[in-house]
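Novice: sequence first, predicted model second:
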Amino acid sequence: MSLVVRLVPVVLLFLVLGGCSGGQAEAGPGPGGVADWLQEPYVGSVLAASSAPSGGGARVPSSDWGAASAVLSDAGDGKVRLAVVGSIREPGDAGFVIDGHVGAEGWRAASQDVELVIDGDGALRGQGAVEDQRFRFDGTISRDRFDLEVEIELLARNHAALPAGTVFRFDYTLARVADPGAMPDTDGAGDGRACDRIEWRSRNVANLSGGPMQMIQVPECVR
């Protein structure tokens, strides 16, 4: 399955019909390193935007918002899993999961197609290519903040006639909050409601470690 379909919700409906980072972390990871980032979820929003190459002749939806979350957790067998999941047009349609290992310099995940690294200062960087799509990851993580930009570029015209050079960007702006009810409405819904509570729900997301889609438990803000 093409990851664009799962990881690019801003064009999801367009494809079916045939057709940021958001900010810097406020503090470094501190002496606990990766341990500071584990288990407790980050919640907030994702902004999806897209652009066609100059002279490409294709119309691409411009932007859309959704709720999102991220969590680093123990995946067993010495692995630490990063799950970043957003919901824009349908639950879990803007996300991925990838397993990595913790070493002296931070966390690293590498598959045949994608590599992601979080260094000891909380800088998150990565890149890769899957089928005819190039991926780039750029962000920061701290005890309190998780900010990530995911960029996907089409390397060839796809089945929906989107030309090579079309770029999709996802800006995840997430934070940890002691009181979920104090978190402002930032997912673009416009209803002004705060987060009442955080619930863990099953979502089927793209597995960048290789293999099929994977059903995982992800934290979601409930309003």
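Specialist: Arrived safely.
Novice: mean confidence (pLDDT) on the helix or strand that contains residue 125, please.
Specialist: According to DSSP states H and E, residue 125 maps onto strand 123-130. The pLDDT scores in strand 123-130 average 94.
Novice: can you work out which other helices and strands pack against whatever helix or strand comes next after that strand?
Specialist: Where DSSP H and E defines the elements, the next helix or strand beyond strand 123-130 is strand 133-141. The helices and strands touching strand 133-141, judged by 3 or more CB pairs under 8 Å, 6 or more residues apart in numbering; DSSP states H and E, are strand 114-119, strand 123-130, strand 145-154. Placement of C-beta: from N, CA and C, glycine included.
Novice: looking at the protein, which helix or strand is least sure?
Specialist: Ranked by mean pLDDT, DSSP states H and E, the weakest helix or strand in the chain is helix 12-16, scoring a mean of 29.
Novice: could you point out which element follows that one?
Specialist: Downstream of helix 12-16, the first helix or strand assigned by DSSP H and E is strand 42-51.
Novice: pairing partners for that next one, with directions?
Specialist: Here strand 42-51 is paired, per DSSP bridges, with strand 63-76 (antiparallel), strand 167-175 (antiparallel).
Novice: please state the offset of the shortest one from the chain centre?
Specialist: On the basis of CA atoms, centre = their mean, to the nearest Å, strand 167-175 sits 7 Å off its chain's mean C-alpha point.
Novice: the first one too?
Specialist: In terms of CA atoms, centre = their mean, the centre of strand 63-76 is found 6 Å from the chain centre.
Novice: tell me the buried residues in that strand?
Specialist: 64-73, 75 (16 or more other CB atoms under 10 Å).
Novice: any low-confidence regions in this protein?
Specialist: 1-34, 39, 55-62, 178-195, 211 (pLDDT under 70).
Novice: find the residue at the geometric middle of it.
Specialist: Nearest to the geometric centre of the chain sits residue 84, at 4.2 Å (CA atoms, centre = their mean).
Novice: next secondary structure element downstream of the strand or helix carrying it?
Specialist: According to DSSP H and E, residue 84 maps onto strand 79-87. Downstream of strand 79-87, the first helix or strand assigned by DSSP H and E is strand 94-103.
Novice: quick one: strands adjacent to that next one?
Specialist: Sheet pairing of strand 94-103 (DSSP bridges) gives strand 79-87 (antiparallel), strand 106-110 (antiparallel), strand 197-207 (parallel).
Novice: next, the angle strand 114-119 makes with that strand.
Specialist: Counting by axes from the mean of the first three to the mean of the last three CA atoms, to 10 degrees, strand 94-103 lies at 60 degrees to strand 114-119.
Novice: buried ones in strand 94-103?
Specialist: 94-100, 102.
Novice: stretch 164-176 too?
Specialist: 165-176.
Novice: in contact with the spatially closest residue to residue 166 that is not a sequence neighbour, which residues?
Specialist: Spatial nearest neighbour of residue 166, excluding adjacent residues (CB to CB, 6 or more residues apart in numbering): residue 154 at 4.6 Å. Applying CB atoms under 8 Å, 6 or more residues apart in numbering to residue 154 gives the contacts 4, 132-133, 162-167.
Novice: no further questions, thank you.
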